[in-house]
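S.K.: sharing a model that was predicted from the sequence below.
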Amino acid sequence: MKILVTGGAGYIGSHAVRRLLQNNYKIIVYDSLVNGHKKSLPAEAELVVGDLDDKEKLNKLFKENNFDAVMHFAAFIEVGESMKNPAKFYRNNVVNTLNLLEAMVKNNVKKIIFSSTAALFGYPDEIPISESTKKCPVNVYGRTKLIIEQMLKDFDAAYNLKFIALRYFNAAGADFGIGEDHNPETHLIPLVLQVALGKRKEIKIFGTDYSTKDGTCIRDYIHVTDLINAHMLALKKLLSANKSNYYNLGNGKGYSVKEIIETARKVTGHPIPAIKSKRRAGDPAVLIADSTKIQKELNWKPKYGLNEIIKSAWEWHKKNPDGFEENIN
C-alpha cells in the first residue's frame, strides 16, 4: 500500500510517517516546510517539497504514483492568528484542501484520512463531547475545519470519495525520538516545559475564575502515540470497509491548567513559576472528548495518561532545547 502524507514533516504528521513505515506502508511526504521540519523525517522517507496551492505539481505527483490513500495533516492551526488573518487560513486550509481533493478525484484516489479538530464544537452544549454534539466553532481555524468536513461529505456523495475525519482534542507528548516544535509555540505543555528549560521566565495562566475545580480551564490531552495508533486503525478500516466516518479522539479525561503545571513540576524537578492573567476570548471552561465510538468501532483504546505525556515531551525537549532549529518562515 502506498500513502501520500500531506504535512508529513509537521508534529503529528512526522509521527504518522514513522508509524506507517514501521507498518511497511510505502509513503511519500508532501510538505511546504513552512511550518514542518525536514529533520523530523527519517532518512528512508521520501519528501517532495511543495505547496498544495501548486495544482500542477500536485497532479504530477498523483500521476506518477499509484496512491491507495491520503493522510491529510497539512493546515495552519494557530487559533489567534486565524482571527487576525482569516484570509490566510481560508486559503491554506480550505482552498488548498479543495485542490488536494480535486487532484484525488482526477487521479482516481478515493480514500482520505483527515485531521479535524475539537475546535468544531466551540462552546459545547454537553460534556463529554460526542460526535453528534452541535458544531458551532467560535474561531476561524475551527470554521475552516468544519467547512472541510462538509466538503468531504459532498465529495463522498458526488464522487464516491471516502473519508474518515479524526477530531483531535489536545495532542501532546513525543515518540520515535521526535517531538513538538511550533514557531510560535502556543500549546500549553511545550510552553510549560520551556519554562523548565529556562527559555521562559514563567507560564501565564489565562483565567483562574472558571467554574471548574481549581478555577482554570480543563482540557482533554491525548498522547501523540495514541493519536497515531488511531490513525493506523482508521486507515486499515477505510481501506477495507470503504465507508466514510467521523471520530472524536481524546483520553476522555480532563486536566486543568494548574494540574498540567503541577505535573510538569514533578516530572522536571523545576519550580515552573506561574502567573495569573486575564481570560482569553474564546476559551471554553471545559473540553472533554467522548471517544466511545472509536473505541467500539475500531477497538482503539488510549494507553497513556498525563504523566506519561509530559514525561515523554520533557525527554525530547531536554535533548532538543532549540527544537529542530531549521524553521523556515
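M.R.: In hand now; what should we look at?
S.K.: look up how far Asn248 lies from the closest residue to Lys39 other than its chain neighbours.
M.R.: Leaving aside its sequence neighbours, Lys39 sits nearest to Phe324 (Cβ to Cβ, 6 or more residues apart in numbering; 4.5 Å). In this view, the C-beta of every residue, glycine as well, is placed from N, C-alpha and C. Separation of Phe324 from Asn248 (Cβ to Cβ, to the nearest Å): 30 Å.
S.K.: can you give me the buried ones in stretch 207-219?
M.R.: Gly207, Thr208, Tyr210, Thr212, Gly215, Thr216, Cys217, Ile218, Arg219 (16 or more other Cβ atoms under 10 Å).
S.K.: for stretch 205-225, measure first residue to last.
M.R.: Start and end residues of stretch 205-225 are separated by 27 Å (Cα to Cα, to the nearest Å).
S.K.: gap between that stretch and the chain center?
M.R.: Offset of stretch 205-225 from its chain centre (Cα atoms, centre = their mean, to the nearest Å): 18 Å.
S.K.: and stretch 58-69, by the same measure?
M.R.: For stretch 58-69 - counting by Cα atoms, centre = their mean - the centre lies 24 Å from the chain centre.
S.K.: and for that stretch, what's in contact with it?
M.R.: Contact partners of stretch 58-69, identified using Cβ atoms under 8 Å, 6 or more residues apart in numbering, comprise 1-4, 28, 30, 48, 50, 52, 99-100, 103-104, 106-107, 109, 111-113, 235, 238-239.
S.K.: that's a strand at Ile272, yeah?
M.R.: No - counting by DSSP: H, G, I helix; E, B strand; the rest coil, Ile272 is not part of a strand but coil.
S.K.: hmm, it is touching Leu197, no?
M.R.: No - checked against Cβ atoms under 8 Å, the pair Ile272 and Leu197 is beyond contact range at 10.3 Å.
S.K.: wouldn't the residue nearest to Lys39 be in contact with Asp181 here?
M.R.: Yes - counting by Cβ under 8 Å, Phe324 does reach Asp181; the two are 5.1 Å apart.
S.K.: now do the shared contacts for these two.
M.R.: Residues touching both Phe324 and Asp181 (Cβ under 8 Å, 6+ apart): His37, Ser40.
S.K.: more neighbours, the two?
M.R.: Ranked by neighbour count (other Cβ atoms under 10 Å), Phe324 and Asp181 place Asp181 first, with 24 against 17.
S.K.: which ones are touching the more buried one?
M.R.: Asp181 touches Tyr11, His37, Ser40, Pro190, Asn320, Gly323, Phe324, Asn327, counting by Cβ under 8 Å, 6+ apart.
S.K.: list the contacts of the third one.
M.R.: This points to Ser40. Ser40 sits next to Ala9, Gly10, Tyr11, Ser14, Ile178, Asp181, Phe324 when contact means Cβ under 8 Å, 6+ apart.
S.K.: that one and His231, how far apart?
M.R.: Applying Cβ to Cβ to Ser40 and His231 gives a distance of 16 Å.
S.K.: how is the protein carved up into domains?
M.R.: 2-171+221-249, 188-219+252-319 (automatic domain parsing).
S.K.: looking at these, which is buried most?
M.R.: Most buried of the domains of the chain, by mean neighbour count (mean count of other Cβ atoms under 10 Å): domain 2-171+221-249, with a mean of 19.
S.K.: end to end on that one, go ahead and measure it.
M.R.: 25 Å.
S.K.: so for it, mean pLDDT?
M.R.: For domain 2-171+221-249, mean pLDDT is 97.
S.K.: report the distance from it to the chain centre.
M.R.: 9 Å.
S.K.: begin at 304, not 1, for the rest of this chat.
M.R.: Right, with 304 as the first residue, what we last looked at is domain 305-474+524-552.
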